[in-house]
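# next come a sequence and a model predicted from it.
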Amino acid sequence: MSPNFSMNKIESLADLFNMVGCDVNYYDLGRHITKITPQQAIQFDRKQQAYPFPFRQHAWLACLLKMKNAQTQNSDKAAEQSVIWFIKMPLDEAGCLNLGTRDHFIKSIVDKILHKGEEAGLSEALEDSPYAFKPDQERMASLHAILGKDLRQTPSHYFDAVVKYLSSNDLEQDESWQTLGLQGIAELATQAHDSHYSALINNAIRHAANPVVSALCHALEHENLPEALQDTLIEKLQTEQEPLLQASYLRALSRADLDDRLLLPLFGLLGSLTECKDDDLHAIAALAAKCPHWLAQNPQLLRIIMEKLAHREDGYIAFKQIAAELSQHPETKQPLWTLLRSGHASPTLAQAVSHLFTQTPRSVQ
């Protein structure tokens, strides 16, 4: 990069990466891990379209950067020469990147790279940056597994250990699960469409130790699952009594289409309109965070959730949190607004809505 280049030439993230000689692949890390197509990247980067996967009014991006001069035939070595940036960019009311914030981010990066040089600058550019974030362990494991599959890398040794454990003839008595790594579980989830590994996943959901099932479900939420696996998860959802596992099954199913085979178990899981125990909050939080498209598609499902939350005696804390979450999502914003203004709401829900607008008038727009 020439020290004489002008900031005026950099009008997008793509311009920034091009200027420092990098190829970039974008992955969204908000609700799910999703690879962003080059066309989507151009559109949101130049504010031609809204950001395609908003989560809590931000774009949560993993940017896989590779120096253009670092060409190699070996995919494992290519990965070693890559840098991943995790950046969190605020979105405006239309769901587009906030350009003022984006430009401030770009300037801060340019200043660091000019000061430290390209290679050092690339790896250290996000130090102390207010736009950087660190994914949790599960999400990091899933991202590495998805990148590994996309780059056709050899799976880690953790993967072999998971496959060996799940191939056990007596899974329910096998204690070796305690030595398994999250990375291997995440790598197995990326193989959900391979018939051999899909059978292992199916067996795991039915018979593995609960911590393994939960971790596997959290990794499966990033995949579009084959129908047979969806059926197993729905079956487990109907019989499971442990609230945290119920929420895990919902997360694993969160990319499935909402149809009758899923809708009826959901109504059964949510139960009474007028009762909402603390344990019920796990499933409700999973639905709001991971499955807002279901709530947008089925107003009755949305109504049950908001009625349940309104009936809690917690000072409307949970009601306000879920209302804020759903009001920030483009698919649920309008259905929520319609419900909250509806004349068919119960007196308890109407009272909760009244409290919402008098206490936090900006929560729901």
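Yep, that arrived.
# can you pull out the helices in the stretch 1-150 of the chain?
Remark: helices assigned in the stretch 1-150 of the chain by DSSP state H, counting those that start in this stretch are 13-19, 38-45, 75-80, 99-116, 118-124, 137-150.
# rank those by pLDDT, which is bottom?
Mean pLDDT across these is lowest at helix 75-80; the value there is a mean of 53.
# roughly how far out does stretch 62-71 sit from the chain middle?
In terms of C-alpha atoms, centre = their mean, to the nearest Å, the centre of stretch 62-71 is set 24 Å apart from its chain centre.
# same thing with stretch 91-111?
21 Å.
# give the contact list for the closest residue to C63 other than its chain neighbours.
Nearest residue to C63, sequence neighbours excluded (C-beta to C-beta, 6 or more residues apart in numbering): W85, at 4.3 Å. Heads up, the C-betas are built off the backbone N, CA and C, glycines and all. W85 makes contact with L61, A62, C63, L65, A125, L126, A132, according to C-beta atoms under 8 Å, 6 or more residues apart in numbering.
# just tell me which of the helices of the stretch 1-150 of the chain ends up closest to Q246.
Closest approach to Q246 among these (C-beta to C-beta): helix 137-150, 17.9 Å.
# which residue ranges make up each domain of this structure?
The record's domain split for the chain, according to automatic domain parsing, is 7-135, 138-313.
# of all these, which one is nearest P347?
With C-beta to C-beta, the closest approach to P347 among these belongs to domain 138-313: 9.6 Å.
# so where is this protein shaky, pLDDT-wise?
Low-confidence segments of the chain, defined by pLDDT under 70: 1-8, 69-81, 116-121, 359-365.
# which residues in it form strands?
Applying DSSP state E to the chain gives strands spanning 22-28, 34-35, 58-67, 82-90.
# for those strands, give me CSV that also has distance to L97.
Below are these laid out as CSV (distance: least, C-beta to C-beta, whole Å):
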stretch, distance to L97
strand 22-28, 12
strand 34-35, 17
strand 58-67, 6
strand 82-90, 6
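# H193 is nearest to which of these?
strand 34-35 (15.6 Å).
# show me what that closest one is packed against.
For strand 34-35, the packing partners by 3 or more C-beta pairs under 8 Å, 6 or more residues apart in numbering; DSSP states H and E come out as strand 22-28.
# excluding chain neighbours, what is closest to K134?
Of all residues not flanking K134 in the chain, F86 sits nearest, at 6.5 Å (C-beta to C-beta, 6+ apart).
# my read: that neighbour touches A125, true?
No: counting by C-beta atoms under 8 Å, F86 does not reach A125; the two are 11.6 Å apart.
# which of the two has more neighbours?
Using other C-beta atoms under 10 Å as the criterion, F86 and A125 rank with A125 on top: 23 against 20.
# mind listing what the more buried one touches?
Neighbour list for A125: W85, I109, K112, I113 [criterion: C-beta under 8 Å, 6+ apart].
# most neighbours among those, which one?
Busiest of the contacts of A125 [other C-beta under 10 Å] is I109, holding 24 neighbours.
# pretty sure that one is touching D15, no?
No: under the criterion of C-beta under 8 Å, I109 makes no contact with D15, lying 11.4 Å away.
# one step back: buried subset of the contacts of W85, written for PyMOL?
Restricted to buried positions by 16 or more other C-beta atoms under 10 Å, the PyMOL selection for the contacts of W85 reads:
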select buried, resi 61+62+63+65+125+126
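# what is the nearest of the contacts of W85 to E187?
Each of those was scored against E187 by C-beta to C-beta, and A62 proved nearest at 17.1 Å.
# what separates the closest one from D28, distance-wise?
8 Å (C-beta to C-beta, to the nearest Å).
# one more: I284?
Counting by C-beta to C-beta - I284 and D28 are separated by 24 Å.
# would you format the domains of the chain as CSV with distance to Q328 included?
Putting those into CSV (distance: least, C-beta to C-beta, whole Å) gives the following:
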stretch, distance to Q328
domain 7-135, 5
domain 138-313, 10
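# out of the ones you listed, nearest to Q351?
When the domains of the chain are compared (using C-beta to C-beta), the closest one is domain 138-313, at 7.2 Å.
# so how far is the first residue of that closest one from its last?
33 Å (C-alpha to C-alpha, to the nearest Å).
# what about that domain, distance to the chain center?
The answer for domain 138-313 is 13 Å, by C-alpha atoms, centre = their mean.
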